[in-house]
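[1] A structural model of the following input is requested.
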Amino acid sequence: MLDTITLNADGTLSSEIGEAHLTNKELALLVAVMSRKGGILTKQAGLTELYGGMDEPEVNIIDVFICKVRRKLTEVGAPDAIETVWGQGYRWNKAVKCLTPDGGFLSMETEPELTERIEDLALALNCNVATLLHRIVTDNLDRYEEEAWA
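    Predicted structure coming up:
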């Protein structure tokens with residue numbers, strides 16, 4: 001198993017072994033697992049990330065997408081990058097380093113409690129986490145700019 005792979009913002013996984021392209025949903029799920037920095041992505045949180053609370057299919061669809069993502073990780077030499085935490089969900093294997101050269105599309109780090117609060121709020125508002133964060137930033141940006149430049 002390789003210890004370093006690359007994920008580009010266009011959904012391309014690559015390594016010295018090969019390359020694989022992720023669909024938008026596969027990319028969203030992979031980013032959701034990786035962004036927890038070793039924390040667990042529950043299946044319900046995965047559904048929220050993929051479907052934003054709208055027209056959600058059965059929770060086992062997350063297993064299907066994880067299987068597809070693992071197949072593509074295997075193509076680039078990282079078959080054990082996503083670990084199953086039985087009865088809880090999935091987490092990123094800390095032994096696998098994933099480079100993201102396209103900038104900061106994975107740059108936000110939060111404490112596990114804050115992550116859970118954000119996920120719960122997104123679920124309650126029937127949107128995904130990215131949409132919620134966008135709303136929070138745009139609704140508050142003017143206030144912070146005024147404070148910063150007053």
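
[2] leaving out chain neighbours, which residue sits closest to Ile118?
    With sequence-adjacent residues excluded and distances taken as C-beta to C-beta, 6 or more residues apart in numbering, Ile118 is closest to Val129, at 5.9 Å. Yep, even glycine has a C-beta here, placed from its N, CA and C like the rest.

[3] next up, the contacts around the one you found.
    Ala32, Thr48, Glu49, Ile118, Glu119, Ala122 (C-beta atoms under 8 Å, 6 or more residues apart in numbering).

[4] excluding its backbone neighbours, what's nearest the fifth one?
    Just to be clear, that refers to Glu119. Nearest one to Glu119, counting by C-beta to C-beta, 6+ apart, is Ala45 at 4.9 Å.

[5] and what of the last one?
    Distances taken as C-beta to C-beta, 6+ apart put Leu132 closest to Ala122, at 4.4 Å, once the chain neighbours are dropped.

[6] may I see the buried residues of the helix or strand of the chain at the bottom of the mean pLDDT ranking?
    Ranked by mean pLDDT, DSSP states H and E, the helix or strand of the chain with the weakest confidence is helix 112-124, at a mean of 77. Buried residues in helix 112-124, counted by 16 or more other C-beta atoms under 10 Å: Thr115, Ile118, Glu119, Ala122, Leu123.
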